[in-house]
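Colleague: for reference, the sequence and a predicted model appear below.
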Amino acid sequence: MIEFQGLAKHYGEFPAVQPLTLAVRRGEVFGFLGPNGAGKTTTIRMMMGILVPSAGRVLVDGLDCQADAAEVKRHVGYLPDNPIFYDFLRGREILQFVAEMHGMARPAAVERAAQLLQEFGLQDVSEEFAVNYSMGMKKKLGLACALVHDPAVLILDEPINGLDPRAAREVQDRLIASAAAGKTIFLSTHLLDMAQRMCNRVGIINHGALVATGSLDELRGASSDNSTLEELFLKFTNEDSMAA
Ligand SMILES: Nc1ncnc2c1ncn2[C@@H]1O[C@H](COP(=O)(O)OP(=O)(O)OP(=O)(O)O)[C@@H](O)[C@H]1O
């Protein structure tokens, strides 16, 4: 469960995220959508305690993402928009390192790393330096790192971007299955087909403000049309983007 309570961020006078109030339920895949520069990454960085909010707060499982940042990390798996790895560690070593950072003993960490390498199809490159991985491989390794400690909540910044179609579908299926098993997933993306397929609800943010929230049917509103998420996104972000 994630609760945003008037969460806001200003860079100087610039309102990057305007007071955001929203609840994401357990077992839900929630898509956080918005044009470039809308405030998605800023919001996610506040959720991870990387940025200090200008106002409000965000809670994960009742824990304040600022005040209880260390404890929050036990509950959360995080995939940054551009995962960066130590250039002197191999893929397998990175996973083991992250597992041990989460308190696993060495044998359990070795086993968990092997399991995730297999699951993400990275066994053949497990002994390569991760810094040399392709973008898609880095994304898969980053996802594996996010999942290492089997967290209750996943916060994923562009989890599918850069993956080939088969890998993209496999990751989507895995995330859908995780949510069905009770995990809460909050993801940002520009891939609206993917969001339409896998998200129970979405929130659309534009110029830092949440302009729409709901399921696809709720966003379609009273009109009984069959608008796609892409069409709704363009509608909800139209005026402002024209003015920008
Ligand atoms: N450190 C910073 N200082 C000043 N402005 C910033 C800073 N970081 C982000 N911004 C601005 O805040 C706004 C929101 O940026 P953010 O990265 O959150 O957008 P985003 O929705 O993740 O965009 P994208 O889809 O392009 O990744 C943008 O206008 C950006 O230029």
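Modeller: Received, thanks.
Colleague: and residue 14, what's its pLDDT?
Modeller: Note for residue 14: predicted pLDDT of 95.
Colleague: got the phi and psi for it?
Modeller: Backbone torsions of residue 14, given as degrees, to the nearest 10, read phi -80, psi 120.
Colleague: contact residues of the chain facing the ligand?
Modeller: Contact residues, the chain versus the ligand (C-beta under 6 Å from any ligand atom): 11, 14, 16, 34, 36-42. For the C-beta atoms, the positions are set from N, CA and C on the backbone; glycine is no exception.
Colleague: try 5 Å
Modeller: Residues of the chain found near the ligand (C-beta under 5 Å from any ligand atom) are 11, 16, 36-42.
Colleague: could you turn the buried ones of those residues into a ChimeraX selection?
Modeller: Buried residues within these, by 16 or more other C-beta atoms under 10 Å, are selected in ChimeraX with:
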select :16,38,39,40,41,42
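Colleague: contact partners for the spatially most central residue of the chain?
Modeller: Central residue of the chain (C-alpha atoms, centre = their mean): residue 156, 1.5 Å from the mean position. For residue 156, the contact set (C-beta atoms under 8 Å, 6 or more residues apart in numbering) comprises 78-79, 143, 146, 175, 185-188.
Colleague: so which of the residues you listed sit within helices?
Modeller: Among those, the members falling in helices (DSSP state H) are 143, 146, 175.
Colleague: out of these, which is nearest to residue 68?
Modeller: Ranked by distance to residue 68 (C-beta to C-beta), the ones in helices among the contacts of residue 156 are led by residue 146 at 19.1 Å.
Colleague: nearest spatial neighbour of that closest one, skipping sequence neighbours?
Modeller: The shortest distance from residue 146 to any non-neighbouring residue, by C-beta to C-beta, 6 or more residues apart in numbering, is to residue 77 (3.4 Å).
Colleague: which parts of this structure are helices?
Modeller: Per DSSP H, the chain carries helices over the ranges 40-47, 69-75, 91-101, 106-119, 135-147, 165-180, 192-198, 216-220, 229-243.
Colleague: any idea which of those is most buried?
Modeller: Sort the helices of the chain by mean neighbour count, taking mean count of other C-beta atoms under 10 Å, and helix 40-47 sits at the top with a mean of 23.
Colleague: how far does stretch 147-165 sit from its chain's centre?
Modeller: 6 Å (C-alpha atoms, centre = their mean, to the nearest Å).
Colleague: again but with stretch 17-30, I slipped
Modeller: Using C-alpha atoms, centre = their mean, the distance from the centre of stretch 17-30 to the centre of the chain it belongs to is 12 Å.
Colleague: buried sites along that stretch?
Modeller: Buried-residue list, stretch 17-30, by 16+ other C-beta under 10 Å: 17-20, 22, 24, 28-30.
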